[in-house]
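J.: Pasting the sequence and the predicted coordinates here, then a few questions.
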Amino acid sequence: MARENNTQRVSLSRRALLGGALFAGAYGVLKFGVPAISGLFPERLEFQELDTPMGFRSLDAGKSSVRFDPFVGLQKQDNSEISERISRDAAFFCETLFERASSSESVVPIASFSDYNCPYCKILTPMLANLEAQSEDVVSVTWHEYPLLGESSLLAAKGALAAKRQGAYLAFHRRLMRGRLLVTPEYLEELAKIDGLETEQFVLDLNGADVLQEIQTSTAIARLFGFIGTPALVVGRTAVQGAIQESTLKQLIEMEREEREIRTCV
């Protein structure tokens, strides 16, 4: 009889623990808008404080597509002035890094740096887009072009930013992530027609200095963080190199919400 009572007590304890865990997960959904069930048994995140930019920390996540040539397509352009301004002008740096960030401190800003020929980016991009769509009061994503994997990547990045000038960036971005590896100007024009863009203006922007300068600016920010490949993220004050798991990303977002009072860019 004593053994039976002990067994019942153990069973009740297990059920109580499980019930408490499920309640915590449900509470996390209600409070944060991000499913917290993955945080019931969270992994320990190891951060390293960064000297540059100051106030940020880094987290190594997973695999990356490493660059072939860090200056691909940019050799003829002098972007030293952009790099200098980013380094000395904190307001410009934050506004450029998180250009779409909400003014609410409760929203965690995320900057995404990607390359269209990066297979890990093709997984992370829809994850981020869906996360933002499902919880706009939790995260705000700014998309940065960081073309490291050849001329095709650079051309695709220009195409996405040309579409951005007509308010169609995210749709174009997602199409390119799902599309072919080798991008041509003709292919980009076809995508522009599919999305209902004014093609003549699209071609002008595609080859314009404004688009190239935006790529240079994003590249300068990425180099400031020491990103050597894609995907790369800045989540609040945490720089993440590599293909981060969704559960880890959600855990990091919750941490950044709790620590928002020490966030560098507010």
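T.: Great, that's in hand. Residues are numbered from 1 along each chain as shown.
J.: Touching, S152 and V183? I think so.
T.: Yes: contact status for S152 versus V183: in contact at 4.9 Å, counting by CB atoms under 8 Å. For the C-beta atoms, the positions are set from N, CA and C on the backbone; glycine is no exception.
J.: joint contacts of those two?
T.: Y116 (CB atoms under 8 Å, 6 or more residues apart in numbering).
J.: Would you state the strands of the stretch 1-150 of the chain in chain order?
T.: Under the criterion DSSP state E, counting those that start in this stretch, the stretch 1-150 of the chain carries strands at the ranges 48-49, 57-60, 65-66, 108-114, 139-145.
J.: So if I had to pick from S152 and V183, which one is more boxed in?
T.: V183 (23 against 19; other CB atoms under 10 Å).
J.: Check which helix or strand the more buried one maps to.
T.: Assigned by DSSP states H and E, V183 belongs to neither a helix nor a strand.
J.: Could you find the closest non-adjacent residue to it?
T.: A156 (4.4 Å; CB to CB, 6 or more residues apart in numbering).
J.: got it, and E189?
T.: Using CB to CB, 6+ apart, the nearest residue to E189 is T199, at 5.8 Å.
J.: Spit out the contact partners of the one you found.
T.: T199 neighbours (CB under 8 Å, 6+ apart): E189, A192, K193.
J.: Can I get the buried part of the residues you listed as one ChimeraX selection?
T.: One line in ChimeraX is enough to select the buried ones among these; burial here means 16 or more other CB atoms under 10 Å:
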select :189,192
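J.: which one of the contacts of T199 is nearest D89?
T.: Nearest to D89 among these is A192, at 34.0 Å by CB to CB.
J.: Does that closest one touch A163 like I think?
T.: Yes: if you go by CB under 8 Å, A192 and A163 touch, sitting 6.7 Å apart.
J.: Now for those two: what residues contact both?
T.: Joint contacts of A192 and A163 (CB under 8 Å, 6+ apart) are F172, F202.
J.: How about L131, nearest residue that isn't a chain neighbour?
T.: Using CB to CB, 6+ apart, the closest residue to L131 is V139 (6.0 Å).
J.: So what's the residue count around the residue nearest to V183?
T.: Quick note: A156 (other CB under 10 Å) scores 30 neighbours.
J.: Name the residues of the helix or strand containing it that are buried.
T.: Using DSSP H and E, A156 sits in helix 151-164. If you call a residue buried by 16+ other CB under 10 Å, then helix 151-164 has these buried ones: 152-164.
J.: Next, format those as CSV and append pLDDT and distance to C94.
T.: Formatted as CSV, the buried residues of helix 151-164 follow (pLDDT from 0 to 100; distance: CB to CB, whole Å):
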residue, pLDDT, distance to C94
S152, 92, 32
S153, 93, 27
L154, 94, 26
L155, 95, 29
A156, 96, 27
A157, 96, 22
K158, 97, 25
G159, 97, 27
A160, 97, 23
L161, 98, 20
A162, 98, 26
A163, 97, 25
K164, 97, 20
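J.: between these, which is closest to E95?
T.: Using CB to CB, those come closest to E95 at K164, 16.3 Å.
J.: re earlier: the residue nearest to V183 and A222: what is the separation?
T.: Using CB to CB, to the nearest Å, A156 is found at 17 Å from A222.
J.: Nearest residue to Q201 in space, please, no chain neighbours.
T.: Nearest to Q201 is Q166, by CB to CB, 6+ apart, at 7.0 Å.
J.: Can you report phi and psi for the one you found?
T.: phi -110, psi 20 (degrees, to the nearest 10).
J.: Who are the contact partners of it?
T.: Contact analysis of Q166 by CB under 8 Å, 6+ apart lists L197, E198, Q201, F202.
J.: Among the buried residues of helix 151-164, give me the pair with the biggest separation.
T.: Applying CB to CB across the buried residues of helix 151-164, the maximum distance is between S152 and K164, 19.0 Å.
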